[in-house]
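**Student:** Here's a sequence, model it:
(3 chains)
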Amino acid sequence: MGRSPCCEKAHTNKGAWTKDEDQRLINYIRAHGEGNWRSLPKSAGLLRCGKSCRLRWINYLRPDLKRGNFSEEEDEIIIKLHSLLGNRWSLIAGRLPGRTDNEIKNYWNTHIKRKLISSGVDPQTHRPRSSGPPSKDNSSSAHDSTTTEEESCVDLELSIGLPSHSHSSKYMKSASSSSAESKSIHDFLWPLGF
DNA sequence: AAGCAACACAACCGCGACCCA
DNA sequence: CTGGGTCGCGGTTGTGTTGCT
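**Tutor:** So this is what the prediction gives:
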């Protein structure tokens, strides 16, 4: 449909940010606050697309970011939240102060996913992986009589009306921006300490 | 020491939702 | 009500780093 590009690509830098660009962005946001990303680059004297500025600020420059390795506790929280929320990284990030959705997404894809797979757990369903090819009917997956934590999470998820994460991730966008659902998730997670 | 592969993470892209004239 | 502009999100890619042979 010819959606107009978010910025004039011919006049924008791409790739890694320089220290000077970082500093300009920090200075500008300190002075004027976040928001209006579209016009920010011009106002701040940056040859960057607004989206790029927003991403850089949120994922790297924000003063409240907690850099460094994820703790074991954070690992567990991410796994639990992922089992409940699926790939809604922004919601998961909202439960981990100082962490960003991008950071969590990367961490999930590079560390946790592998960790779960190596321990025999399907990272998408959080259920034990069967040795054969993945079947569509995962009710038949190898379950013993013990109730796993993942299982109880899924039960809880169903009980609070969250959509199954086997659905397309696209639905999540509306869900993540739905304040009503966010609230219900919040209400659900809060007592659990999230 | 050099070459290669695997890993880690920053950044980009495209899409859908939201907002407002 | 509608359409354009903007924002935010998740998926994906690109590149630097580290480890291994």
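**Student:** helices and strands of chain A: which one has the lowest mean pLDDT?
**Tutor:** helix A:171-176 (a mean of 37; mean pLDDT, DSSP states H and E).
**Student:** What ranges in chain A fall below the confidence cut-off?
**Tutor:** A:1-11, A:129-194 (pLDDT under 70).
**Student:** Show me the helices in it, by range?
**Tutor:** A:19-32, A:40-44, A:50-56, A:72-85, A:89-94, A:101-107, A:113-118, A:149-159, A:171-176, A:179-189 (DSSP state H).
**Student:** Show me what the second one is packed against.
**Tutor:** Going back to what we said before, that points to helix A:40-44. helix A:19-32, helix A:50-56 (3 or more Cβ pairs under 8 Å, 6 or more residues apart in numbering; DSSP states H and E). Quick note: C-beta positions are derived from backbone N, CA and C, even for glycine.
**Student:** Quick check: which of these is nearest to DNA strand C?
**Tutor:** helix A:50-56 (4.8 Å; Cβ to the nearest atom of the strand).
**Student:** do the closest one and DNA strand B meet?
**Tutor:** Yes: using Cβ under 7 Å from any atom of the strand, helix A:50-56 reaches DNA strand B at A:51-52, A:55-56.
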